[in-house]
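Asker: Return a 3D structure for these sequence lines:
(one chain, ligands or ions: 1)
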Amino acid sequence: MSAHIMVFDSGIGGTTVLEQIQQLIPEATYSYFMDNALLPYGAQPPQKIIQRLLALIHFIESSALQVDILVIACNTASTSALNIIRRHTHIEIVGVVPAIKPACLISKTKHIGLIATPATVNSHYTKALIKEHGKNTKVSLYASTKLVELAETLFHTHSLSNYEFNEEIAALNIAGDIDVLVLGCTHFPLLANTLAMCFEKPVKLIDSGKAIANRVSSLLMKHQLALSIDTKKPLRYYATAPIDASQLSIELIELTDQTPDESD
Ligand code: DGL
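Answerer: Modelled structure (predicted):
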């Protein structure tokens, strides 16, 4: 039996991370879980996100899915809940957080942007990342839930409303002198090609996908988890709400919110 890697997001954004991991480690067994009943996470308070992630852990552990590595492929969930959920399970958890450090290192103008959900932009975790790595770099913050919605529609219907996209980008008013833009939401790489065309000067768009794939790979080695040669294993999808236009074959799951311990 090959190592089981479950990738989680509020919606389909985490598939951008899943793709990177699959490319690096095609032999693992994968499942993809989306908590789309609560989409967008970016508009939820941290307490709610914590309850949902604890519910996810409860689901995995009570259904004997034997997940070896759980990738929280959602910046919003990771920046809100990572520390707490790690205390509630023995499952190895990999979080996805905004790539502020590499962005600050490669910026020549010493002005970068972070585009993410409102919850990620406002989280203590993100503020701490900026404080730690952005000492010599100005970091401008841009919050959007609209882009999450547009990325969902694009994924499921293959169409993007240019009007709505351009209207949102205009409203964000991204500074003209940034040379790196961190895609701090796993949905946004789906919009990267369109986003790249919005700037007059070249802007490098970076996300955490490759770094996460490397981290998963090193954990597989550390725990000596098995990988089988057969790369044609079916990918199982789980969701918490039906999706109208989806071509995916999805198993519907009901999550029951779990409240963290008093000590948390
Ligand atoms: N994909 C998630 C992230 O990386 C957020 C999308 C949402 O707001 O639900 O932040």
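
Asker: ok, is stretch 36-45 in contact with the ligand or not?
Answerer: Yes. Using Cβ under 6 Å from any ligand atom, stretch 36-45 reaches the ligand at 39-42. Just so you know, the C-beta spots here come from the backbone N, C-alpha and C atoms, and that holds for glycine as well.

Asker: what about that stretch, distance to the chain center?
Answerer: 13 Å (Cα atoms, centre = their mean, to the nearest Å).

Asker: Which positions in the stretch 151-264 of the chain make contact with the ligand?
Answerer: 185-187.

Asker: can you redo the residues you listed as CSV with neighbour count and pLDDT?
Answerer: Shown next, in CSV, are these (neighbours: other Cβ atoms under 10 Å; pLDDT from 0 to 100):
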residue, neighbour count, pLDDT
Cys185, 35, 98
Thr186, 33, 98
His187, 33, 98
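
Asker: Ranking by neighbours, what's the top pick from the residues of stretch 36-45 next to the ligand?
Answerer: Tyr41 (28 neighbours; other Cβ atoms under 10 Å).

Asker: Report the contact partners of that residue.
Answerer: Contacts here follow Cβ atoms under 8 Å, 6 or more residues apart in numbering; on that basis Tyr41 touches 10, 35, 49, 74, 76-77, 117, 119.

Asker: of all those, which comes closest to Ala103?
Answerer: Thr117 (17.4 Å; Cβ to Cβ).

Asker: returning to that earlier point: now tabulate the residues of the stretch 151-264 of the chain next to the ligand in JSON lines and tack on secondary structure.
Answerer: Below are these laid out as JSON lines (DSSP: H, G, I helix; E, B strand; the rest coil):
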{"residue": "Cys185", "secondary structure": "coil"}
{"residue": "Thr186", "secondary structure": "coil"}
{"residue": "His187", "secondary structure": "coil"}
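
Asker: now the residues you listed in a markdown table, with distance to Ile130?
Answerer: Shown next, in a markdown table, are these (distance: Cβ to Cβ, whole Å):
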| residue | distance to Ile130 |
| --- | --- |
| Cys185 | 16 |
| Thr186 | 19 |
| His187 | 21 |
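
Asker: Next up, identify which helix or strand Gln66 is on.
Answerer: Taking DSSP states H and E as the definition, Gln66 sits outside all helices and strands.

Asker: quick one: the spatially closest residue to it that is not a sequence neighbour from the ligand, how far?
Answerer: Leaving aside its sequence neighbours, Gln66 sits nearest to His4 (Cβ to Cβ, 6 or more residues apart in numbering; 5.7 Å). Going from His4 to the ligand by Cβ to the nearest ligand atom, to the nearest Å gives 22 Å.

Asker: Tell me what His4 is bridged to.
Answerer: Thr29 (DSSP bridges).

Asker: If anything else comes up later, I'll come back, but that's it for now.
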